[in-house]
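Asks: how would this look folded up:
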Amino acid sequence: MKRRKLQIGPKGGARPEINVTPLVDVVLVLLIIFMVVTPLVERELKVVTPPTETVEQPEQVPETQLMLAVKADGTLQVNDEVIAEAELQNRLARMLAAKSDKTLFFNAEDAAPYALAVTALDDAKAAGARTIGMVTQPLPEAAPEPVPIVVPASGK
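Replies: Numbers count the residues shown, from 1 in each chain. Below you'll find the predicted structure:
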């Protein structure tokens, strides 16, 4: 009697493979769709800024105007008078109470401590300032032209 060997698994028959041809076809169709749709989606929104106005600023602050400044070394000034941080709110409250217009102008140097600037703004608001105007430096004359912002359409 002849003995047979016990084999587990398939004999040397066909092996299953994934057919990638349909996958390649789908990817190419999607690529073509995106290439056609992408130029249609981009739209330009032109940003028009108002013209700048140059204003002559006097060297001395008028006495009717309140100007709060935070310097780079951490000092606080109200109309060119140095004031301690602890007494800023009380001093501003007295000055604003004497005025009918509760407007205060605020100027912080670029190197001023951020926490001190925020605290000074909070103190001014708590002292009764209704309007706080931020004093900024004008842009240099050689400022670049504004660049249009490209925003994708929202599908509307």
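
Asks: Can you name the element that comes right after the lengthiest helix in the chain?
Replies: Counting by DSSP state H, the longest helix found in the chain is helix 21-41. Next along the chain after helix 21-41, taking DSSP states H and E as the criterion, comes strand 42-45.

Asks: average pLDDT across the longest helix of the chain?
Replies: The average pLDDT within helix 21-41 is 89.

Asks: Restrict that helix to CA atoms and write it as PDB.
Replies: Below are the C-alpha coordinates for helix 21-41, written out as PDB (Å, rounded to 0.1, in the frame of the first residue of the first chain):
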ATOM      1  CA  THR A  21      -7.000  48.500 -12.900                       C
ATOM      2  CA  PRO A  22     -10.400  49.900 -11.700                       C
ATOM      3  CA  LEU A  23      -8.700  51.700  -8.800                       C
ATOM      4  CA  VAL A  24      -6.300  53.500 -11.200                       C
ATOM      5  CA  ASP A  25      -9.200  54.500 -13.400                       C
ATOM      6  CA  VAL A  26     -11.100  56.000 -10.500                       C
ATOM      7  CA  VAL A  27      -8.100  57.900  -9.300                       C
ATOM      8  CA  LEU A  28      -7.500  59.400 -12.800                       C
ATOM      9  CA  VAL A  29     -11.100  60.400 -13.100                       C
ATOM     10  CA  LEU A  30     -10.900  62.200  -9.700                       C
ATOM     11  CA  LEU A  31      -7.700  63.900 -10.700                       C
ATOM     12  CA  ILE A  32      -9.300  65.200 -13.900                       C
ATOM     13  CA  ILE A  33     -12.300  66.500 -12.000                       C
ATOM     14  CA  PHE A  34     -10.200  68.300  -9.400                       C
ATOM     15  CA  MET A  35      -8.000  69.900 -12.200                       C
ATOM     16  CA  VAL A  36     -11.100  71.200 -13.900                       C
ATOM     17  CA  VAL A  37     -13.000  72.400 -10.800                       C
ATOM     18  CA  THR A  38     -10.100  74.100  -9.000                       C
ATOM     19  CA  PRO A  39      -9.700  77.200 -11.200                       C
ATOM     20  CA  LEU A  40     -13.500  77.800 -11.000                       C
ATOM     21  CA  VAL A  41     -13.500  77.800  -7.200                       C
END
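
Asks: Perfect, I'm done here.
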